[in-house]
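**Q** just coords:
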Ligand SMILES: Cc1cc2nc3c(=O)[nH]c(=O)nc-3n(C[C@H](O)[C@H](O)[C@H](O)COP(=O)(O)O)c2cc1C
Ligand SMILES: Nc1ncnc2c1ncn2[C@@H]1O[C@H](COP(=O)(O)OP(=O)(O)OP(=O)(O)O)[C@@H](O)[C@H]1O
């Protein structure tokens with residue numbers, strides 16, 4: 001049983017997220033998704049939706065077997081618990097794969113890191129990032 005972990009913020013879910021999770025799921029037999037805690041999202045605007053609501057939506061997606069809200073302070077704690085064979089990073093995620101592998105092997109977790117690809121726009125007007133969806137909301141509703 002090959003366990004795969006994917007992770008991210010997943011604020012307003014869009015086809016790019018589905019693409020990432022579909023690619024991650026195809027890397028193994030069971031896909032576990034870790035949702036970034038709102039308070040831990042510091043590299044960009046914090047998500048609009050709560051930890052619980054984002055987890056519930058991601059858990060309902062077809063490629064996802066399990067979804068959990070991430071740890072408050074130790075991002076590797078859920079990884080030690082899940083003990084995956086693969087961590088699938090998103091195409092644009094800023095994480096250093098070697099640093100992740102090194103830290104996990106220090107913790108006795110033997111896991112490789114793969115990277116999913118981007119979803120190409122399928123049609124004019126398709127919104128493929130949470131940021132652009134929020135921009136559109138502000139343009140049309142604010
Ligand atoms: C291996 C791994 C484990 C993670 N575990 C957690 C966690 O337990 N808690 C958390 O708040 N965020 C966790 N994260 C998410 C990161 O903190 C970060 O917010 C996320 O990768 C940002 O992705 P995004 O900008 O693509 O949404 C983890 C990330 C990685 C790569
Ligand atoms: N268009 C896309 N194609 C493939 N993967 C994507 C796409 N958009 C997001 N992802 C992946 O989904 C995961 C979660 O991303 P995140 O929640 O940051 O969404 P986002 O739309 O990129 O948000 P933001 O616009 O705030 O950066 C990340 O691994 C990211 O690489």
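**A** Arrived safely. Being a predicted model, the structure only gives us computed values, none of them experimental. Residues are numbered from 1 along each chain as shown. Ligands and ions are numbered 1, 2, ... in the order given.
**Q** Ligand 1 contacts on this structure?
**A** Contact residues (CB under 6 Å from any ligand atom) of the chain with ligand 1: 7-9, 34, 36-37, 40-41, 70-71, 75, 78-79, 87, 90, 93, 95, 100. From N, CA and C alone the C-beta is placed, and that goes for glycine too.
**Q** Of the residues you listed, which belong to helices?
**A** Mapping the residues of the chain next to ligand 1 onto helices (DSSP state H) picks out 78-79, 100.
**Q** Pick out whichever of those residues sits closest to ligand 2.
**A** Ranked by distance to ligand 2 (CB to the nearest ligand atom), those are led by residue 100 at 13.5 Å.
**Q** Neighbours of the nearest residue to that closest one once chain neighbours are set aside, how many?
**A** What sits nearest to residue 100 in space, not counting adjacent residues and going by CB to CB, 6 or more residues apart in numbering, is residue 113, at 5.4 Å. Look at residue 113: counted by other CB atoms under 10 Å, it has 17 neighbours.
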